[in-house]
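*Asks:* below are the sequence and a predicted model; questions follow.
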Amino acid sequence: MTNRLRWSCLLLPLLAACQYRPPAIPYHEIPAAPLVQDLERQRQAYPGVKALARVETERKGRKRVYESVAVLQRGLEKFRVEGYGPLGEPLFALLWDGVSLAVRSPGQQGFTQVGAEALERMLGMALAPAELAAVLSGNAPAGGASAAGCSSDGRCAVDLPVDGGVWRVHLVRRSGSAGGPVQVDALERFQGSSLIFLVRYEAREDAGPVSFPKRVVVESPSRKVSLRVEYQDAELTAAVDHGAFTTTGEAAP
């Protein structure tokens, strides 16, 4: 083996590792474990929601608006999203029972089971169902952390590695004190050093131990894709029957 080839073999793993690193967190480095525990406590405290929403999607300049969308969540374990037309006619339905993902298209009577790639076709962004559940509720996806940092004004960020990339969670303390509950302000999804999409939470309202966003904005500028969810009538509640998350259950927000 020549010296050039030998050095290439040694450097390739290092180059590959560098290729898949997001930009450094722009804050003072701190241990990540406490922030991960805080985020998990917020995930566990979230009961679920019954809501009506206005949803707007845009892909490469083509915009679609759904004025009446029912959203049901049971914790972060299950969700059901159904869109209706101006006369109450069903337009689409998306259901995740915690294991399988199913969709119902316009004119279709029943649900069809699909893979997670169906979310990318619908939204233009690659999201696992559990990640979408977190995004819609103002929570961070579950996962262990690789790095964390905080600024002098109390803003923090923590990186959660996932297959093929990293979720960067931006958060603050709701009470302003070191031991107060955390609030996720934004999410960034990196693939290597490239920002794939970002999530902003706006018009948050405190509801006991959790803070719920009345507006969720997901954008992927490089792909010219966006999703905007505006909750118009939302009730945080754990009293959502399991039957609503079967392919025969009826949503009742």
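*Replies:* Received, thanks. Note that the coordinates shown come from a computational prediction; the quantities given were computed from them, not determined experimentally. Residues are numbered from 1 along each chain as shown.
*Asks:* list the contacts for Ala126?
*Replies:* The contact partners of Ala126, taken as Cβ atoms under 8 Å, 6 or more residues apart in numbering, are Glu117, Leu119, Glu120, Ile196. The way it works is simple: take the backbone N, C-alpha and C, and place the C-beta from them, glycine included.
*Asks:* just the strands in the chain please.
*Replies:* Remark: strands assigned in the chain by DSSP state E are 28-29, 48-59, 62-74, 78-84, 90-96, 101-104, 112-114, 147-150, 156-162, 165-173, 182-191, 194-207, 210-220, 225-236.
*Asks:* would you format those as JSON lines with distance to Glu131 included?
*Replies:* Below are the strands of the chain laid out as JSON lines (distance: least, Cβ to Cβ, whole Å):
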{"stretch": "strand 28-29", "distance to Glu131": "26"}
{"stretch": "strand 48-59", "distance to Glu131": "17"}
{"stretch": "strand 62-74", "distance to Glu131": "13"}
{"stretch": "strand 78-84", "distance to Glu131": "11"}
{"stretch": "strand 90-96", "distance to Glu131": "11"}
{"stretch": "strand 101-104", "distance to Glu131": "12"}
{"stretch": "strand 112-114", "distance to Glu131": "16"}
{"stretch": "strand 147-150", "distance to Glu131": "20"}
{"stretch": "strand 156-162", "distance to Glu131": "8"}
{"stretch": "strand 165-173", "distance to Glu131": "8"}
{"stretch": "strand 182-191", "distance to Glu131": "9"}
{"stretch": "strand 194-207", "distance to Glu131": "10"}
{"stretch": "strand 210-220", "distance to Glu131": "11"}
{"stretch": "strand 225-236", "distance to Glu131": "13"}
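*Asks:* which stretch among these comes nearest Gln37?
*Replies:* strand 182-191 (9.8 Å; Cβ to Cβ).
*Asks:* once you drop chain neighbours, what's closest to the residue most central in space within the chain?
*Replies:* Closest to where the C-alpha atoms of the chain average out (Cα atoms, centre = their mean) is Val135, at 2.5 Å. The shortest distance from Val135 to any non-neighbouring residue, by Cβ to Cβ, 6 or more residues apart in numbering, is to Val199 (5.6 Å).
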